[in-house]
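Novice: Okay, here's the prediction I keep looking at, along with the sequence it came from:
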Amino acid sequence: MTPRHFESHAEVAASPAELFALLDDHSRLSAHMTKRSWMMAGSRITLETDANRGRAVGSRIRLAGRILGFELSVDEVVTEREPPHAKTWQTIGSPRLLVIGPYRMGFRIEAVQAGSRLTVFIDWTPPSGALARLFGPSYARWCTERMARDALAHFAQDGKSLTSSGPR
């Protein structure tokens, strides 16, 4: 299967260092998945991290939960961390997911006049099946947009400067 790509962008009224500090905290970054929502079919997941709390290359992160009666779990490892500009993590092992398969995800931050330009991206391989074809791109959009919107909201912007692109 051909890998897919999706990204969302936001202009955030914060310095790159302030924005990186916010996004480097996986409990905040993944907050959209730990709360019940329609995109999570009314379910939520739990987040566990190692002693480094996802803030070092090699650090481990685990997400697990039940959605629509299916047990889901994914283990991730931080593969790049360059404060205040970039962070990337990816799945390890065999993720148990419904609409996306193994993935690499991360964010890039660049300084702009009004603060920072944030790009949140995901590269994923869809699992086989109609559910993945139907909902995989929507899930990728939702996830990257939520991370960008949560950063905008944290720094009290109206969210009107959010853009998305994909899939490629």
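Specialist: Looks like it arrived, so ask away.
Novice: all contacts plus neighbour counts: C-alpha atoms, from now on.
Specialist: Will do.
Novice: What does the nearest residue to residue 125 once chain neighbours are set aside show for phi and psi?
Specialist: In space, residue 125 comes closest to residue 3 once its chain neighbours are excluded; the distance is 4.5 Å by C-alpha to C-alpha, 6 or more residues apart in numbering. Per-residue torsions, residue 3: phi -60, psi 150 (degrees, to the nearest 10).
Novice: now do residue 16
Specialist: The phi/psi pair for residue 16 (degrees, to the nearest 10) is phi -50, psi -40.
Novice: Likewise for residue 85?
Specialist: The phi/psi pair for residue 85 (degrees, to the nearest 10) is phi -110, psi -30.
Novice: OK, contacts around it?
Specialist: Contacts here follow C-alpha atoms under 8 Å, 6 or more residues apart in numbering; on that basis residue 85 touches 16, 20, 108-110.
Novice: how does it look with 6 Å?
Specialist: 108-109 (C-alpha atoms under 6 Å, 6 or more residues apart in numbering).
Novice: One more: residue 18?
Specialist: Residues counted as contacts of residue 18 (C-alpha under 6 Å, 6+ apart): none.
Novice: Toward the C-terminus, what is the element adjacent to the lowest-mean-pLDDT helix or strand in the chain?
Specialist: Lowest by mean pLDDT, DSSP states H and E among the helices and strands of the chain is helix 31-34, with a mean of 59. Per DSSP states H and E, the first helix or strand lying C-terminal to helix 31-34 is strand 45-49.
Novice: Sheet partners, orientation included, of that next one?
Specialist: Partner strands for strand 45-49, per DSSP bridges, with pairing direction: strand 60-67 (antiparallel).
Novice: Other residues contacting the strand it pairs with?
Specialist: The contact list for strand 60-67, computed with C-alpha under 6 Å, 6+ apart, reads 43, 45-50, 71-77.
Novice: Quick check: next helix or strand after the longest strand along the chain?
Specialist: Counting residues, the longest strand found in the chain (DSSP state E) is strand 70-82. Using DSSP H and E, the next helix or strand after strand 70-82 towards the C-terminus is strand 86-96.
Novice: for the helix or strand that that following strand is followed by, packing partners?
Specialist: Moving toward the C-terminus from strand 86-96, the next helix or strand (DSSP H and E) is strand 103-112. In terms of contacts (3 or more C-alpha pairs under 6 Å, 6 or more residues apart in numbering; DSSP states H and E), strand 103-112 is packed against strand 86-96, strand 115-124.
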